[in-house]
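Asker: could you look at this predicted model? Sequence included:
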Amino acid sequence: MEFQTKFAITVTIVLIAITVTFGVLSCEQFSRTEESKDIAVNHNETRFTDTCQANDAQFLVDAALINYHEIALGQLANAKTKTPEILLMAQTLVDEHTKSMIDLKLLADKKNVTLPASGENDSKEANNKLLKLKGTAFDKAYSTVMVDEHEIAITKFENAIKNVMNDEIRDWASLMLPSLKMHLADAIKCQQKFSVK
């Protein structure tokens, strides 16, 4: 009888431990998923009442969304195309925007800025359009999206270099701008190649 009681208590403790562990993990996963653009923006607006700091934080949020978007679309292109130029451009974008995201997270942590945990919602529309395409139609559309997206990104980074108040954030934006311009040049070459066909 004593053995059964000890066994029952041990099983109960183990089950409680498992339940608590999964509960904590699922809450942690939920909170990461919930760390969307809106939540990051709200955290930053609450944290930074000074307009200049808030604007600097918003630029970092925008830069994170650009990185997430380029990584997601690059991964999609890697899966959908066989064209060497598109594969090279897509993999370059995935690699360089992933590195940029790592550097950006370090900078944001240092500046106490909350970044969105993903850019899933921002990438969904372009992703859905590209998912329906194949072959040359995909390559052409992907190139056009990359041209448009990089023109927008370059404008945001150039504005940040002029307007951001924090020196480290401005330096990071200045460091990233040449890569964005190179990505745009590559995208334009691909776009021109596929617009001829």
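Answerer: Happy to help now that I have it.
Asker: ok, how many other residues are close to residue 179?
Answerer: Counted with other C-beta atoms under 10 Å, the neighbours of residue 179 add up to 17. Placement of C-beta: from N, CA and C, glycine included.
Asker: might you list the low-confidence residue ranges for the protein?
Answerer: For the chain, applying pLDDT under 70 flags the ranges 1-35, 37-51, 120-124, 196-197.
Asker: from residue 172, how far off is the most centrally placed residue in it?
Answerer: A centroid search over the chain (C-alpha atoms, centre = their mean) returns residue 68, at 2.0 Å, as the residue closest to the centre. Distance from residue 68 to residue 172, counting by C-beta to C-beta, to the nearest Å: 17 Å.
Asker: from residue 190, how far out is residue 88?
Answerer: Distance, residue 88 to residue 190, using C-beta to C-beta: 9 Å.
Asker: I misspoke; the intended subject was residue 116.
Answerer: The value you get for residue 116 to residue 190, if C-beta to C-beta is used, is 28 Å.
Asker: now swap in residue 154 and tell me
Answerer: Applying C-beta to C-beta to residue 154 and residue 190 gives a distance of 17 Å.
Asker: how does the protein divide into domains?
Answerer: When the chain is parsed into structural domains using automatic domain parsing, the resulting residue ranges are 1-34, 36-196.
Asker: tell me the most buried of those domains?
Answerer: Highest mean neighbour count of the domains of the chain: domain 36-196, a mean of 17 (counted as mean count of other C-beta atoms under 10 Å).
Asker: now do the helices in the protein.
Answerer: Listed from the start of the chain, the chain has helices (DSSP state H) covering 2-34, 37-47, 51-80, 84-110, 120-131, 135-163, 167-196.
Asker: OK, contacts around residue 177?
Answerer: Residue 177 makes contact with 154, 157-158, 161, according to C-beta atoms under 8 Å, 6 or more residues apart in numbering.
Asker: turn the residues you listed into TSV, including distance to residue 142.
Answerer: Below are these laid out as TSV (distance: C-beta to C-beta, whole Å):
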residue	distance to residue 142
154	18
157	22
158	24
161	28
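Asker: of those residues, closest to residue 60?
Answerer: The shortest separation between residue 60 and any of those is 11.6 Å, and it belongs to residue 157 (by C-beta to C-beta).
Asker: understood, closing this out.
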